[in-house]
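Student: sequence first, predicted coordinates after that:
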2 protein chains.
Amino acid sequence: MMITDSDQARPIPEPTLRRLPTYHHFLKTLEAEGREAVSCSTMGRELNLDPTQIRKDLAMTGITGRPKIGYVVTDLIGAIESFLGWNDIQQAFLAGVGNLGAALLGYQQFNRYGLDIVAAFDTDEAKIGRQVQGKEVMPLSKMADLARRMHVHLGIITTPAEHAQYVADQMVAGGIEAIWNFAPIVLSTPEHIIVQDEDLFSSLAVLSRRLRTRLQAMQ
Amino acid sequence: MMITDSDQARPIPEPTLRRLPTYHHFLKTLEAEGREAVSCSTMGRELNLDPTQIRKDLAMTGITGRPKIGYVVTDLIGAIESFLGWNDIQQAFLAGVGNLGAALLGYQQFNRYGLDIVAAFDTDEAKIGRQVQGKEVMPLSKMADLARRMHVHLGIITTPAEHAQYVADQMVAGGIEAIWNFAPIVLSTPEHIIVQDEDLFSSLAVLSRRLRTRLQAMQ
DNA sequence: TTGTTCTCGATATAAAATTCTCGATTTAAC
DNA sequence: GTTAAATCGAGAATTTTATATCGAGAACAA
């Protein structure tokens, strides 16, 4: 019987998933330099991580290394990409063409990481019909219907907090399976919907607290 | 002897810090609705979190609740804000006026969360001298010196990965204490510098993997 | 060939975070 | 008053995550 990573009984730890892109990026630079192989010890030194932790993370992708050598760089990159599903590109809709929404629309890099934002939606009449980063902004009212017809499974919410729940409801109505939510609220969605929150303020809180503690210690 | 939260011997768990803004935002909406008090059970139901976990998180801020009642909403908001240092506003420099950098420059909300981006820097001649979101873009070469003269302690990096390390070095040279890093690389900085990484791709990885697993399960 | 060094991978241990349990306390209803 | 319901706060138990240990395998130098 063939063993694939989807046979894994236990879900992948989220900390592991969050570290994989770090490895991926580092490996890409190694690849660009022409490095053939790399060990966890080397990576650990560069990335300030425990080598054992890296080894366990990488093992999750199903790849195996060789004693004394480590892992083949290109294989490792491929393993991470296929593990994360970055090979088959997902089409996505984005709702909320403000500062952040426009920024995400312009992130060409996403195309290399499994994500293609194919359309943007907003309720602001001034924005509808205009092109932002080369993508046309359409009325939010058309989103659900279009999502269903185009079989789009992924939605990105970059609206203000107060509109995020409505947008999420529309996405669910349109048959969207997963939501990348940049609004700082907890969305209420059916059980089966995958929601990934990306809250800038969470990150800012960690930073603020540390800096405050530091500055206070210095008086 | 007065006990303040800075007397805490043990560092605050990062997961706790990351959840505090979630509570804060929820409490703000309660406040707007005129709610006087709230219990952990109520919050837990709304935010899909364990009430005990919320209770422990809130206890970190030093606030105390009352049985049967819960916490006073406005007190709680104040406790979180002062705990995170969101009351005294930090001036910050931002380097890298691309899509994301420009978006952050336009985030007026930051002013209410202890952050004021006072200047932006870039190496692109086409951007230098221009106003972005009402803030003038200056040459990166002037950043370190200005940081020192203006006593700016916080730097935000929104450059492409390949320039992030150089920018970080400049920030450190300018006496900056803390860096909010949006570039997807691990910065190498002196021990005492606080670095908070905000990697969109980490978040995307979690989402990608879950969606891939889901779609695969459905064939 | 033989010994040395490096690294993987499995297992064990430790630390951190979450969840559960329960007594004490307060409010509000009876 | 007395009782019932709700909730806090402290501590225990569980789960998850991170780190340490160690044997075996592979490359390389002598």
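Tutor: Happy to help now that I have it.
Student: just checking, what packs against the longest strand along chain A?
Tutor: Ranked by residue count under DSSP state E, the longest strand found in chain A is strand A:115-122. Applying 3 or more CB pairs under 8 Å, 6 or more residues apart in numbering or on different chains; DSSP states H and E, one finds that strand A:115-122 contacts strand A:90-95, helix A:99-105, strand A:135-139, helix A:143-150. In short, each C-beta sits where N, CA and C put it, glycine included.
Student: now the angle between strand A:90-95 and the third one, please.
Tutor: In this case it means strand A:135-139. Relative orientation of strand A:135-139 versus strand A:90-95 (axes from the mean of the first three to the mean of the last three CA atoms, to 10 degrees): 60 degrees.
Student: can you state the direction angle for strand A:135-139 and helix A:143-150?
Tutor: 120 degrees.
Student: the longest strand of chain A vs strand A:90-95, what angle?
Tutor: Using the same axes, to 10 degrees: strand A:115-122 against strand A:90-95 is 20 degrees.
Student: following strand A:115-122, which helix or strand comes up?
Tutor: strand A:131-132 (DSSP states H and E).
Student: quick one: the longest helix anywhere in chain A near DNA strand C?
Tutor: Longest helix in chain A by number of residues, with DSSP state H as the criterion: helix A:14-33. No - Helix A:14-33 lies apart from DNA strand C when judged by CB under 7 Å from any atom of the strand; the minimum separation is 9.6 Å.
Student: and chain B, is the next helix-or-strand element following that helix touching that?
Tutor: Going down the chain from helix A:14-33, the next helix or strand is strand A:37-38, by DSSP H and E. No - contact of strand A:37-38 with chain B (CB under 8 Å from any CB of the partner chain) is absent, the minimum separation being 14.8 Å.
Student: could you name the helices and strands sitting against strand A:37-38?
Tutor: Counting by 3+ CB pairs under 8 Å, 6+ apart, strand A:37-38 packs on strand A:71-72, helix A:73-84.
Student: re earlier: tell me which residues of the longest helix of chain A come out buried.
Tutor: Across helix A:14-33, burial judged by 16 or more other CB atoms under 10 Å in any protein chain shown covers A:16-27, A:30.
Student: near DNA strand D, list only the ones from those residues.
Tutor: Answer for the buried residues of helix A:14-33 near DNA strand D (CB under 7 Å from any atom of the strand): A:Thr16.
Student: same list (the buried residues of helix A:14-33) but as a markdown table, adding pLDDT and distance to B:Asn48.
Tutor: Output for the buried residues of helix A:14-33, formatted as a markdown table (pLDDT from 0 to 100; distance: CB to CB, whole Å):
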| residue | pLDDT | distance to B:Asn48 |
| --- | --- | --- |
| A:Thr16 | 98 | 23 |
| A:Leu17 | 98 | 20 |
| A:Arg18 | 98 | 20 |
| A:Arg19 | 98 | 25 |
| A:Leu20 | 98 | 25 |
| A:Pro21 | 98 | 26 |
| A:Thr22 | 98 | 28 |
| A:Tyr23 | 98 | 30 |
| A:His24 | 98 | 30 |
| A:His25 | 98 | 32 |
| A:Phe26 | 98 | 34 |
| A:Leu27 | 98 | 35 |
| A:Leu30 | 98 | 40 |
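Student: identify, from the buried residues of helix A:14-33, the entry nearest to DNA strand D.
Tutor: Nearest to DNA strand D, judged by CB to the nearest atom of the strand, of those is A:Thr16 at 6.2 Å.
Student: show me the contacts for the closest one.
Tutor: With contact taken as CB atoms under 8 Å, 6 or more residues apart in numbering or on different chains, A:Thr16 is in contact with A:Lys56, A:Asp57, A:Met60.
Student: weed out the non-buried ones from the residues you listed.
Tutor: Using 16+ other CB under 10 Å, the buried ones in the contacts of A:Thr16 are A:Asp57, A:Met60.
Student: nearest to DNA strand C, of the helices and strands packed on strand A:115-122?
Tutor: helix A:99-105 (25.9 Å).
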